[in-house]
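Asker: with the input below, show me the fold.
(2 chains)
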Amino acid sequence: ELKVEQNPLFLSMQEGKNYTIYCNYSTTSDRLYWYRQDPGKSLESLFVLLSNGAVKQEGRLMASLDTKARLSTLHITAAVHDLSATYFCAVEGGGADGLTFGKGTHLIIQP
Amino acid sequence: KAGVTQTPRYLIKTRGQQVTLSCSPISGHRSVSWYQQTPGQGLQFLFEYFSETQRNKGNFPGRFSGRQFSNSRSEMNVSTLELGDSALYLCASSLWPGLADTGELFFGEGSRLTVL
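Answerer: Next up, the predicted model:
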């Protein structure tokens, strides 16, 4: 059974700081996704990582994938309040069970 | 380009009743997936449909069912509702299952079901 673990699950940080969210998964997979969810809203796709060593950047967010370590990171640079949200990583488990999501990282960025 | 549309957005039911939720995928998307989101269990995969056929099913009881129509619209049904079925039900569409597709899912706003 595929397991996806995110840490931290809760993060409060100040604007202007850098931080990294980690996503570990338990079985081999070459497809990893990052989503953002605002309170009461749906999931917004942020990054699609499809191979070992993949790195994607959008604004202050950068995601990477190391399939050998079964690890993805979401790095936040010079955080701003608008990035406050819950961030989920999700892993495709070989086609049998859809996407397996982590529990999410609730990120609060304070002025 | 219109996104994924789910109806109804909110609904309240009582235990023992049944409910049907509807999802219209992004135009041109032929794969539809359903997920349940609860505070305790997080996001869990329910099922996936492509070309009116269920491709995958998550670990949910038989009370949860779904179908897809020829225009790719999908419905899911929950019968004999239980309190624990209260959740946000999210529908997602994707362009095409398989190696040619990135597997990226585009989610609708969800249907929030409250069971009393």
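Asker: tell me the pLDDT at the residue in chain A that chain B sits nearest to?
Answerer: Ranking the residues of chain A by distance to chain B (CB to the nearest CB) places A:G98 first, at 3.3 Å. Just so you know, the C-beta spots here come from the backbone N, C-alpha and C atoms, and that holds for glycine as well. The predicted structure scores A:G98 at 85 on the pLDDT scale.
Asker: same check on B:D101?
Answerer: Looking at B:D101, its pLDDT is 68.
Asker: now the lowest-mean-pLDDT helix or strand in chain B, how far from the centre of its chain.
Answerer: Among the secondary structure pieces of chain B, namely its helices and strands, strand B:53-57 has the lowest mean (mean pLDDT, DSSP states H and E), a mean of 90. In this view, strand B:53-57 has its centroid 12 Å away from the chain centroid, taken as CA atoms, centre = their mean, to the nearest Å.
Asker: now do the next helix-or-strand element following that strand against strand B:53-57, angle only.
Answerer: Where DSSP states H and E defines the elements, the next helix or strand beyond strand B:53-57 is strand B:64-68. For strand B:64-68 against strand B:53-57, the angle between stretch directions is 140 degrees (axes from the mean of the first three to the mean of the last three CA atoms, to 10 degrees).
Asker: what mean pLDDT does strand B:64-68 get?
Answerer: Per-residue pLDDT over strand B:64-68 has a mean of 97.
Asker: the residue of chain A closest to chain B against B:Y35, yeah?
Answerer: Yes: with contacts defined as CB atoms under 8 Å, A:G98 counts as touching B:Y35 at a distance of 7.4 Å.
Asker: related to what we said a few turns ago, how far away is the residue of chain A closest to chain B from B:V19?
Answerer: A:G98 sits 21 Å away from B:V19, taking CB to CB, to the nearest Å as the criterion.
Asker: what is in contact with A:G98 and B:Y35 at once?
Answerer: Listed contacts common to A:G98 and B:Y35 are B:F45, B:L46; contacts here mean CB atoms under 8 Å, 6 or more residues apart in numbering or on different chains.
Asker: so which helix or strand takes in B:E48?
Answerer: Assigned by DSSP H and E, B:E48 falls within strand B:42-50.
Asker: tell me the mean pLDDT over that strand?
Answerer: The model assigns strand B:42-50 a mean pLDDT of 94.
Asker: which residues touch it?
Answerer: Where contact means CB under 8 Å, 6+ apart, the residues beyond strand B:42-50 that reach it are A:88, A:90, A:97-104, B:30-38, B:54-60, B:64, B:66-68, B:74, B:76, B:89-90, B:97.
Asker: mind checking which of those residues are buried?
Answerer: Taking 16 or more other CB atoms under 10 Å in any protein chain shown as the criterion, what is buried in those is A:88, A:90, A:97-104, B:30-37, B:55-58, B:60, B:64, B:66, B:68, B:74, B:76, B:89-90, B:97.
Asker: is A:A63 in a helix, a strand, or coil?
Answerer: Per DSSP: H, G, I helix; E, B strand; the rest coil, the local secondary structure of A:A63 is strand.
Asker: so which residues on chain B come close to chain A?
Answerer: With CB under 8 Å from any CB of the partner chain as the criterion, chain B comes near chain A at residues B:33, B:35, B:42-48, B:56, B:58-59, B:90, B:92, B:102-110.
Asker: now those residues: which count as buried?
Answerer: Under a neighbour-count criterion of 16+ other CB under 10 Å, the subset of the residues of chain B next to chain A counted as buried comprises B:33, B:35, B:42-48, B:56, B:58, B:90, B:92, B:102-103, B:105-110.
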